[in-house]
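[1] Okay, predicted coordinates and the sequence, questions at the end:
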Amino acid sequence: MQISDKQINQFNEQGYLFFPSLFSAEEIKVLVAELDGIFSSHRPETVREKGSDAVRTAFGVHMYNAAFARLARHPRMVEPTKQIYDEDVYIHQFKVNAKAAFDGEVWQWHQDFGTWHADDQMPEPRAMNVAIFLDEVNEFNGPLMFIPGSHKLGVIEAGHDTVTTSYPLWTLDQETVSRLVAKGGLVSPKGPAGSMILFDSCLVHASGSNLSPWHRRTVYLSLCAVSNHIRRFKRPGYIAQREFDPIQCLADDCLLRDYPVSLPWEDGAPESALQPQLAA
Ligand code: SIN
Ligand code: MN
């Protein structure tokens, strides 16, 4: 899938592109059918919500689950990303955020590149976030919110929030967010399961809690230009991947046909991927 010059300009201006219903209901069903097994497996790569057993984030699913491993090689997200960076990309991070009905907690205001730069020593913001909706996202179940144009500011000063949720994050203060929203406003792309968002790793974003009776399960892939790979292995490999091989795409029908994929963590992630490792 290729995007137009108009879409590239829009991405450069706004910091994101939204593709409603890009994946069919049949394709999404293949992924959703795997989630109960993934969420109940109690692997160390899976983070739970604070004070509850509800899954917040399942990291590295593409390393042990065949359906998600095929999604990780899908041309519909990889091709436009390569087009924008004019280079091959590798997977820096792969996660399923569950945002469970009633239990899904907030994500505070942040930029992803701030963390990747500070913790992983990723040199430049040449990394794309891709969100693929596994459920309908509506105004009630904790949709992502963006401040359009905020990616143009580069890395904004942030503080390390280790308290609000079960997952530590470098977050922006309220005064900064108010100033940015006064200038850029707020948007919140919503739509059916199968919709996809591409967003710049410097775009400021957040999401509220999910008090609705509907799950808001979303896959996030962070695709980094190969030459821009991380230089430091401070965080575990299941959070910040340490292999930089370019993604080799499968065919466009790869969610519906059983293409062979390697599953190196099928019997568990190796100790080296679970532990921080300071020397790169
Ligand atoms: C994230 O920013 O990494 C996740 C936000 C969300 O799932 O709402
Ligand atoms: Mn984020």
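    Arrived safely. Ligands and ions are numbered 1, 2, ... in the order given.
[2] which residue ranges form the strands in the stretch 151-280 of the chain?
    159-161, 169-171, 196-200, 205-207, 218-225 (DSSP state E, counting those that start in this stretch).
[3] Enumerate every residue touching A66.
    Counting by C-beta atoms under 8 Å, 6 or more residues apart in numbering, A66 makes contact with D258, V261, L263. No exception for glycine: its C-beta is placed from N, CA and C like everyone else's.
[4] please redo it, this time with the cut-off set to 6 Å
    When contacts are counted by C-beta atoms under 6 Å, 6 or more residues apart in numbering, A66 touches V261.
[5] Okay, now the unreliable bits of the chain?
    Applying pLDDT under 70 to the chain flags the ranges 278-280.
[6] Mean neighbour count and distance to T57 added to the strands of the stretch 151-280 of the chain, as a markdown table?
    A markdown table is the format used below for the strands of the stretch 151-280 of the chain (neighbours: other C-beta atoms under 10 Å; distance: least, C-beta to C-beta, whole Å):
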| stretch | mean neighbour count | distance to T57 |
| --- | --- | --- |
| strand 159-161 | 13 | 15 |
| strand 169-171 | 20 | 11 |
| strand 196-200 | 24 | 17 |
| strand 205-207 | 22 | 13 |
| strand 218-225 | 24 | 9 |
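[7] In a strand, H62, correct?
    No - according to DSSP: H, G, I helix; E, B strand; the rest coil, the state of H62 is helix, so it is not within a strand.
[8] Give the burial count for the closest residue to it other than its chain neighbours, as a bare number.
    Distance criterion C-beta to C-beta, 6 or more residues apart in numbering; nearest residue to H62, sequence neighbours excluded, is A72 at 3.9 Å. For A72, the neighbour count with other C-beta atoms under 10 Å is 23.
[9] Against ligand 1, how distant is A72?
    In this view, A72 and ligand 1 are 17 Å apart by C-beta to the nearest ligand atom, to the nearest Å.
[10] State which one residue of the chain is found closest to ligand 1.
    Closest contact between the chain and ligand 1, by C-beta to the nearest ligand atom, is at S207 (3.2 Å).
[11] which residues does that residue contact?
    By C-beta under 6 Å, 6+ apart, the contact list for S207 reads W107, G142, L144.
[12] Provide the partner residues of the residue lying closest to the first one once chain neighbours are set aside in its beta bridges.
    What it means is W107. Distances taken as C-beta to C-beta, 6+ apart place S207 nearest to W107, at 4.8 Å, with adjacent residues excluded. On the basis of DSSP bridges, S207 is bridged to W107, L144.
[13] measure S207 to E105 for me?
    9 Å (C-beta to C-beta, to the nearest Å).
[14] can you check H160 too?
    With C-beta to C-beta as the criterion, H160 and E105 are 18 Å apart.
[15] cool, and P44?
    Computed as C-beta to C-beta, the P44 to E105 distance reads 20 Å.
[16] repeat for I8
    I8 is 35 Å from E105, by C-beta to C-beta.
[17] Would you list the phi and psi of V55?
    Listed backbone geometry of V55 is phi -70, psi 130, with angles given as degrees, to the nearest 10.
[18] How about the residues of the stretch 151-280 of the chain by ligand 1?
    Within the stretch 151-280 of the chain, the positions lying close to ligand 1 (C-beta under 6 Å from any ligand atom) are H205, S207, T218, Y220.
[19] what do you get for the stretch 1-150 of the chain?
    Residues of the stretch 1-150 of the chain lying near ligand 1 (C-beta under 6 Å from any ligand atom): N97, K99, W107, L144.
[20] any chance of those in JSON lines, plus neighbour count?
    Output for these, formatted as JSON lines (neighbours: other C-beta atoms under 10 Å):
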{"residue": "N97", "neighbour count": "23"}
{"residue": "K99", "neighbour count": "31"}
{"residue": "W107", "neighbour count": "23"}
{"residue": "L144", "neighbour count": "26"}
